[in-house]
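Asker: just need the structure, nothing else, for what follows:
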Amino acid sequence: MVNRLRLSGWLLIGLILAGLAAPGRRFAASAQAAAPVITGTATNLSDYPNEQVPRYEKFEITLTLGNSYTNPFDPDEVRVDGYFTSPGGVTFIQPGFYYQAYRLTTNNGVETYTPSGDPAWKVRFSPRETGAYQYFVRVTDASGSTDTSIAAFDATSSTNRGFISVSRKNSRYFEYDNGAPFIGLGLNVGWWQFENMRISTYNYYLSHMQEYKANLARVWMVNSGKDQDWILSIQDESLGSDYNLEEAWAFDNILDLAHQKGVVLLLTLDDVNQYTYNWPDNLYNSVNGGPCSFRSQIFTNADARRYQQRIFRYIVARWGYSPSILSWELFNEIDELQWSDPGYWDWQALIDWHQDMAQYIRSIDAHRHLVNTSTGSFKTHADLYGLPELGFAEMHFYYVAGCCSYAPSDPAGRDMADLTRYYAHLTYRSVTGKPGIIGEWGLLDQNWGPSPYLDDDDPGIHLHNGLWSALMSGMAATGLSWHWNYHHQSDPEWWQHYRGPANYFQGIGIQNLTVMKPLNVSFDFPNGSDNRPNAFSSTNNNLRALGLRSGDWVYAWIQNKNNTWWNFTHDIAPGSQSGTLTIHNLTPAKVYMVEWWDTYTTQQVTATQVLTAQADGSLLLLVQNLEKDVAIKVRPILNPRLWLGVVIQ
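Answerer: Model prediction:
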């Protein structure tokens, strides 16, 4: 499907009126009785001042139809599409969806949902330009098509930064439509856990994220059909129909909350576990009337693909208007399926499925959100991440007690900064010209459940070190902690760790930003070698340095490598470390400003120095009595004469 037509608005309208632009009929003209009947339309324009829609905000059309349909979720039975022509003459086609409103009541924290009014159809769209938009809605069923009259609305300027895509300045990072970089800082908030505390659960997490300057939450939507009362699952009764409109309405409110709080969601659409240990209950399973006789047939069976595309269409139709969605993540840890279906496993079929589904989603998403997938098993997959239809690489890793023979975890994960650096290194190298993120990480026990050390790590040392290490190792976001419950339990000790990197990276220039070779990390891990010239050196091997560089600008994190969660939980004092840290390959004799940033308490600049690079281009920094870690920013001073009165060393 083509979702963008380069036609002027008036030309398109003329073609529609002449019956040439599309096979449907105009609502304003008399239609055959058998064609779809639109009995009413309304918009949300009255929600905005002067009935003008701010740029990137939600414009919503509500329709009522005179026809009834057996399955309103099947676009082959009934299809609703909105056509929007921008002031610049580009036409976007955004699918519509079937909707039921609810009334929410809360009693002692328990939420009750009651249907409100009759079901209706909606089309949601966000203007990306200012000026006059024209639009109409087409309804199509077996009898033909009917169009609403062509109408218009005005879009005005707003402070909304727009949708997020891969940066045009540096393809290793994300940026908003307005060109500002998006550096992700966040965690998983996978599900609401209790069916009667949906919105209140997310209100807590999203509000705390706003307070502590986190901006990215990974949220799960499991659509394999298993009835669950702990997770958003709009498809939980039958395959391809009877979507859970109550849960969808709750997520409408959660997405509105995310928008209000300045948080972007990475929306995970399906989970491999529904095809592994939950396969007996999965609606795609032939024993439950589904089309698949074995698990990985979901990639090849035509009926399964059709059902998957149907629910993707509904998700994009309902929430694709929102700039608060970073990406549609097709699967959580899909590579794990191979261990449950060895007799039928076909990696190429998985690759083909991802390419086809990403192409389909991109074809119906008027706003062209990113599409991605995630992998587990402590492995990266360059052939999967590298698909042109996928926007970025995402892998997961954990410290797992006593694990693993096939990947570094224990004891390597006792130093979470180093282990995070290692997996960030692999993720970064797995793709060329794409961002990479670590979508899950944390501390697990030998049974892959929450580690008892999570209770002992009250100050969140593993969290702090992992957040900084991921960003300073070239990831486009902090690693997203899996332990959102423990953020609640250790409030505010864990939450405060997001403010430091948020303050430090605010306004950072990402153009030409690249990763420096780290100092005092382990390259003994598999595939961990790094043959680049040294970027740092130190007189003290307990001083670790990770950093990013853009020309003569350097951003670095200096850690006392003995300050680990393992040492803290085992009462091993890290000691204070001192020494000279050298940054190499700067411009000889150039004068630099060095800012020293506190990462724990004040989370701001605590000292500045003006230093001169040595004749060999090295810059010497004196680190004194470092117990935890510190961050620095190094930038060249263009006119040193302006620094009269400042001691230049």
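Asker: which helix or which strand is home to residue 256?
Answerer: helix 245-261 (DSSP states H and E).
Asker: just the residues contacting that helix, thanks.
Answerer: 98-102, 104, 113, 119, 198-199, 202-203, 206-207, 209-210, 217, 219, 221, 232-234, 236, 264-265, 318-319, 322-325 (Cβ atoms under 8 Å, 6 or more residues apart in numbering). In this view, the C-beta of every residue, glycine as well, is placed from N, C-alpha and C.
Asker: check what pLDDT the residue lying closest to residue 337 once chain neighbours are set aside gets.
Answerer: Closest residue in space to residue 337, ignoring its immediate chain neighbours: residue 272 at 5.2 Å, by Cβ to Cβ, 6 or more residues apart in numbering. In this model, residue 272 is scored at 94, pLDDT.
Asker: check which strands are paired with the helix or strand hosting residue 438 and give the direction for each one.
Answerer: Counting by DSSP H and E, the element that carries residue 438 is strand 436-440. If you go by DSSP bridges, strand 436-440 pairs up with strand 393-396 (parallel).
Asker: dump the helix holding residue 256 to CSV, keeping only the CA atoms.
Answerer: Extracted as CSV, the C-alpha positions of helix 245-261 are listed here (Å, rounded to 0.1, in the frame of the first residue of the first chain):
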residue,chain,number,x,y,z
LEU,A,245,-11.1,-2.9,23.8
GLU,A,246,-11.1,-2.2,27.6
GLU,A,247,-7.3,-2.8,27.7
ALA,A,248,-6.8,-0.8,24.6
TRP,A,249,-8.7,2.1,26.2
ALA,A,250,-6.5,1.8,29.2
PHE,A,251,-3.5,2.0,27.0
ASP,A,252,-4.9,5.1,25.3
ASN,A,253,-4.7,6.7,28.7
ILE,A,254,-1.2,5.4,29.4
LEU,A,255,0.0,6.8,26.1
ASP,A,256,-1.6,10.2,27.0
LEU,A,257,0.2,10.0,30.3
ALA,A,258,3.5,9.3,28.6
HIS,A,259,3.0,12.3,26.4
GLN,A,260,2.2,14.6,29.3
LYS,A,261,5.3,13.3,31.2
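Asker: does residue 437 touch residue 428 like I think?
Answerer: No - look at residue 437 against residue 428 with Cβ atoms under 8 Å: they stay out of range, at 10.3 Å.
Asker: where do the contact lists of these two overlap?
Answerer: Joint contacts of residue 437 and residue 428 (Cβ under 8 Å, 6+ apart) are residue 475.
Asker: between the two, which is the more surrounded one?
Answerer: Taking other Cβ atoms under 10 Å, residue 437 and residue 428 do not tie; residue 437 has more neighbours (26 against 21).
Asker: show me how to select, in ChimeraX, the buried members of the contacts of helix 245-261.
Answerer: For the buried members of the contacts of helix 245-261, the matching ChimeraX selection, counting by 16 or more other Cβ atoms under 10 Å, is:
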select :98,99,101,102,113,198,199,202,206,209,210,217,219,221,232,233,234,236,264,265,318,319,322,323,324,325
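Asker: out of the contacts of helix 245-261, list just those in strands.
Answerer: Judged by DSSP state E, the contacts of helix 245-261 include 98-102, 104, 113, 119, 217, 219, 264-265, 325 as members of strands.
Asker: ok, those vs residue 147, which is closest?
Answerer: Of all those, residue 147 sits closest to residue 98, with 18.9 Å by Cβ to Cβ.
Asker: which one is that closest one nearest to, not counting chain neighbours?
Answerer: residue 72 (4.1 Å).
Asker: quick one: the one you found and residue 96 touch, right?
Answerer: No - using Cβ under 8 Å, residue 72 is not in contact with residue 96, being 10.4 Å away.
Asker: more neighbours: those two, which one.
Answerer: Using other Cβ under 10 Å as the criterion, residue 72 and residue 96 rank with residue 96 on top: 26 against 19.
Asker: give me the pLDDT for that one.
Answerer: 98.
Asker: ok, now which ones touch it?
Answerer: Residue 96 neighbours (Cβ under 8 Å, 6+ apart): 61, 63, 80-82, 121-123, 137, 317.
Asker: cutoff 7 Å now
Answerer: 80-82, 121-123, 137, 317 (Cβ atoms under 7 Å, 6 or more residues apart in numbering).
Asker: would you format those residues as a markdown table with secondary structure and distance to residue 497 included?
Answerer: As requested, those are arranged in a markdown table below (DSSP: H, G, I helix; E, B strand; the rest coil; distance: Cβ to Cβ, whole Å):
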| residue | secondary structure | distance to residue 497 |
| --- | --- | --- |
| 80 | strand | 45 |
| 81 | strand | 45 |
| 82 | strand | 43 |
| 121 | strand | 45 |
| 122 | strand | 40 |
| 123 | strand | 41 |
| 137 | strand | 47 |
| 317 | helix | 37 |
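Asker: what does the domain assignment say about this protein?
Answerer: 4-156, 164-508, 536-643 (automatic domain parsing).
Asker: so which of those is the most surrounded?
Answerer: domain 164-508 (a mean of 20; mean count of other Cβ atoms under 10 Å).
Asker: how long is it from one end to the other?
Answerer: One end of domain 164-508 to the other measures 17 Å (Cα to Cα, to the nearest Å).
Asker: with stretch 512-520 instead?
Answerer: Span of stretch 512-520 from end to end, Cα to Cα: 25 Å.
Asker: which strands and helices sit next to whatever helix or strand residue 354 lives in?
Answerer: Taking DSSP H and E as the definition, residue 354 sits inside helix 347-364. For helix 347-364, the packing partners by 3 or more Cβ pairs under 7 Å, 6 or more residues apart in numbering; DSSP states H and E come out as helix 302-319, strand 370-372, helix 382-385.
Asker: neighbouring strands of the second one in the sheet, and parallel or not?
Answerer: What that stands for is strand 370-372. In the sheet, strand 370-372 lines up with strand 325-329 (parallel) (DSSP bridges).
Asker: where along the stretch 151-300 of the chain do the helices fall?
Answerer: 198-211, 245-261 (DSSP state H, counting those that start in this stretch).
Asker: using a markdown table, lay out the ones you listed together with mean pLDDT.
Answerer: Below are the helices of the stretch 151-300 of the chain laid out as a markdown table (pLDDT from 0 to 100):
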| stretch | mean pLDDT |
| --- | --- |
| helix 198-211 | 96 |
| helix 245-261 | 97 |
